[in-house]
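Asks: Quick one, fold the following:
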Amino acid sequence: MGVRLVGISGSLRRHSYNAGLLRAAREAMPEGHELTIHTIAGVPLYNGDVEAAEGIPAAVAVLKDAVAEADGLLLVTPEYNNGVPGVFKNAIDWMSRPASDIPRVFGGKPVALIGASPGNFGTILSQNGWLPTLRTLGAELWSGQKLMVPGAGQAFDGEGNLIDDAVRVRLGRFVAGFVASL
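Replies: Numbering: from 1, shown residues only. Model prediction:
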């Protein structure tokens, strides 16, 4: 088996542009390599009291183990109010608990960021917003290419499927570049 990536979309919406972009990234993977999609659905709001009383929630444990075992992580981030979506940041915050697990899950982990937004600037602010968090966690941001999809309402159909061939070509180059860097 070649490179094994884990991909996570930061949106919970059923017909999310970003979930559709993640599915298209899986389809674009070079032959012999794998992208497994995981979800943040089921991750509760972080609460230290819950962590102390009940430990790590099952949905979080699944994400942590998947990321720890993968060769790289693809974060597909929406942009809400010019920043990182709270629900997505919450999932990553949970994945950093307990702090002693950070090196196992994120330490030196190659991470690539992509995203789609209805606005004109794609997800540039959200992608930039992830940088302090990824740096703090010790992840290695892959900066070989950028992929932001502006005007997502025209690039995706009503069910969140990518229909823009030019974006599909760019996505294929992005994914191949990330895989080749690993």
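
Asks: Just the strands from this protein, written as ranges.
Replies: 4-9, 34-38, 72-76, 110-116, 140-141, 148-149 (DSSP state E).

Asks: If I look at residue 56, what pLDDT would I see?
Replies: pLDDT recorded at residue 56 is 98.

Asks: repeat for residue 148
Replies: What the model reports as pLDDT for residue 148 is 98.

Asks: Test my guess that it contacts residue 123.
Replies: Yes - Residue 148 is within contact range of residue 123, at 5.2 Å (criterion: C-beta atoms under 8 Å). Every residue, glycine included, has its C-beta placed from N, CA and C.

Asks: of the two, who's got more company?
Replies: Counting neighbours by other C-beta atoms under 10 Å for residue 148 and for residue 123 shows that residue 123 has the greater number, 32 against 21.

Asks: which residues does the more buried one contact?
Replies: Contacts for residue 123 (C-beta atoms under 8 Å, 6 or more residues apart in numbering) come out as 77, 78, 79, 114, 115, 116, 117, 148, 149.

Asks: what number of residues lie near the second one?
Replies: Going back to what we said before, that points to residue 78. Neighbour count of residue 78, defined by other C-beta under 10 Å: 25.

Asks: The fourth one now?
Replies: Around residue 114 there are 26 other residues, counting by other C-beta under 10 Å.

Asks: Show me what it bridges to in the sheet.
Replies: Under DSSP bridges, the beta-bridge partners of residue 114 are residue 76.

Asks: For it, which residues are in contact?
Replies: Residues in contact with residue 114 (C-beta under 8 Å, 6+ apart) are 21, 25, 74-77, 123, 127, 147-149, 171, 174.

Asks: same deal with the last one?
Replies: Under the criterion of C-beta under 8 Å, 6+ apart, the contact partners of residue 149 comprise 17, 21, 114, 115, 116, 117, 122, 123, 155, 164, 167.

Asks: follow-up on the earlier one: hey, what's in contact with both of residue 148 and residue 123?
Replies: By C-beta under 8 Å, 6+ apart, residue 148 and residue 123 have these common neighbours: 114, 115, 116, 117.

Asks: Can you name the residues in contact with stretch 54-62?
Replies: Against stretch 54-62 from outside (C-beta under 8 Å, 6+ apart): 38, 40-44, 50, 64, 91, 94-95, 97-98.

Asks: for that stretch, which positions count as buried?
Replies: In terms of neighbour count (16 or more other C-beta atoms under 10 Å), stretch 54-62 has its buried residues at 56, 57, 59, 60.

Asks: per-residue confidence at the third one?
Replies: This points to residue 59. The confidence metric pLDDT takes the value 98 at residue 59.

Asks: Distance to residue 181 added to the contacts of residue 123, as JSON lines?
Replies: Below are the contacts of residue 123 laid out as JSON lines (distance: C-beta to C-beta, whole Å):
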{"residue": "77", "distance to residue 181": "19"}
{"residue": "78", "distance to residue 181": "24"}
{"residue": "79", "distance to residue 181": "25"}
{"residue": "114", "distance to residue 181": "14"}
{"residue": "115", "distance to residue 181": "19"}
{"residue": "116", "distance to residue 181": "22"}
{"residue": "117", "distance to residue 181": "25"}
{"residue": "148", "distance to residue 181": "19"}
{"residue": "149", "distance to residue 181": "21"}
